[in-house]
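Next one to model:
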Amino acid sequence: MKLDRWWRGLGTALSFIAFGLGGVFIGLAVAPLLSLCVHDTERRQRMARHLIQRCFRGFIGLMRCLGVLDYHFSHQERLQRPGLLVLANHPSLIDVIFLLAHMPHANCIVKGRLASNPFTRGPIRAAGYITNNEPEAVLEAAGESLRRGDSLVLFPEGTRTKPQRPIKFRRGGANIALRTKTAITPVLIRCTPTTLTKGEPWYHIPASKVRMELHVLEDLPINDDNQQPTGQLARILTHRLNNHFNRELGRLHHERDMRPNA
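Got it, this is the predicted structure:
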């Protein structure tokens, strides 16, 4: 194995150690302190989200500084608006970190088991992130969050994108958009070479430095044709989202392949 790969392996290990320690610190020290000093739940959660945003910025900066990865964010300014419903594909474990690090006071729908993980439960509970244990409860919590003006991040695939496979969303994102009548802000994420995919341990270090590309696309308005049942509309919208994401991802691959130094 080349020295560069060993170094990126060491950098990855240090980065995840920092991530874990940060999560434990927030859970054991910051969250109890906020609960003691700030009695307004909404204000307390906004303070926690702001802290997590800054920590995620630091985590990304650490990985970049250690040579683990590089990244490019296009149209990032589109994520600075309040009340967005952000839907993204999910090629890597760290996608959510990039999104929450670049959005003010964003809420997020996360896997329920993360709320019992010792490294992530403290931040999740402090920030009031929504867990996906009960579908109806998720819809209600998502609607309430958007009505408050929070932006909401969701990965509608329900798991990480399988490499070399088309993106295939479940209907959760479409249902939230239709029930809350919120336009969708699509974020297309590309990770090359692939890393931290589903079931891939952190110590599988890619042969070359990882490059994350995040493209915030233009908002997609929803079809509010009330003549059809919501379930039917959700199927149609999900099909439209799948086509949109796969078409844009194909276009992105084509543009990159056409570059002289790609």
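
How many residues are close by the nearest residue to residue 111 once chain neighbours are set aside?
Leaving aside its sequence neighbours, residue 111 sits nearest to residue 132 (CB to CB, 6 or more residues apart in numbering; 6.1 Å). Backbone N, C-alpha and C define where each C-beta goes, glycine included. Number of residues near residue 132 (other CB atoms under 10 Å) recorded here: 18.

surely residue 132 meets residue 138?
Yes. Counting by CB atoms under 8 Å, residue 138 is a contact partner of residue 132 at 5.5 Å.

which residues do these two both contact?
Contact criterion CB atoms under 8 Å, 6 or more residues apart in numbering; residues shared by residue 132 and residue 138: 109, 172.

for the stretch 51-200 of the chain, what spans make up the strands?
69-74, 85-88, 107-110, 130-131, 152-154, 184-192 (DSSP state E, counting those that start in this stretch).

Please identify the most buried of those.
strand 152-154 (a mean of 26; mean count of other CB atoms under 10 Å).

just checking, what packs against that one?
Counting contacts by 3 or more CB pairs under 8 Å, 6 or more residues apart in numbering; DSSP states H and E, strand 152-154 packs against strand 85-88, helix 95-101, strand 107-110, helix 135-147, helix 172-180.

okay if I get those as JSON lines plus mean pLDDT and distance to residue 79?
Listed next are these as JSON lines, based on pLDDT from 0 to 100; distance: least, CB to CB, whole Å:
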{"stretch": "strand 85-88", "mean pLDDT": "97", "distance to residue 79": "7"}
{"stretch": "helix 95-101", "mean pLDDT": "96", "distance to residue 79": "8"}
{"stretch": "strand 107-110", "mean pLDDT": "94", "distance to residue 79": "13"}
{"stretch": "helix 135-147", "mean pLDDT": "93", "distance to residue 79": "15"}
{"stretch": "helix 172-180", "mean pLDDT": "94", "distance to residue 79": "16"}
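
Those: which one's closest to residue 128?
Closest approach to residue 128 among the helices and strands packed on strand 152-154 (CB to CB): strand 107-110, 7.0 Å.

give me the beta-bridge partners of the closest residue to residue 71 other than its chain neighbours?
Closest residue in space to residue 71, ignoring its immediate chain neighbours: residue 212 at 4.0 Å, by CB to CB, 6+ apart. Beta-bridge partners for residue 212, by DSSP bridges, are residue 71, residue 191.

picking up where we left off before, separation between the residue nearest to residue 111 and residue 241?
18 Å (CB to CB, to the nearest Å).

Could you do residue 12 as well?
Distance, residue 12 to residue 241, by CB to CB: 32 Å.

Apart from its neighbours in sequence, what residue is nearest residue 95?
That would be residue 189: by CB to CB, 6+ apart, it lies 5.3 Å from residue 95.

Can you read off the pLDDT for that neighbour?
Note for residue 189: predicted pLDDT of 95.

That one contacts residue 90, correct?
Yes. Counting by CB under 8 Å, residue 90 is a contact partner of residue 189 at 7.3 Å.

how about the residue nearest to residue 111, what does it touch?
With CB under 8 Å, 6+ apart, residue 132 has these contacts: 109, 110, 111, 112, 138, 172.

If we use 7 Å, what do you get?
109, 111, 112, 138 (CB atoms under 7 Å, 6 or more residues apart in numbering).

Can you give me the neighbour number for the last one?
Burial of residue 138, expressed as a neighbour count using other CB under 10 Å, amounts to 19.

Tell me how far residue 247 lies from residue 90.
Applying CB to CB, the value for residue 247 to residue 90 is 18 Å.

Next: residue 71.
In terms of CB to CB, residue 71 sits 16 Å off from residue 90.

Low-confidence regions, the stretch 101-250 of the chain specifically.
Under the criterion pLDDT under 70, the flagged ranges of the stretch 101-250 of the chain are 224-226.

And the helices in this structure?
Applying DSSP state H to the chain gives helices spanning 3-25, 31-37, 41-65, 95-101, 121-127, 135-147, 172-180, 230-258.
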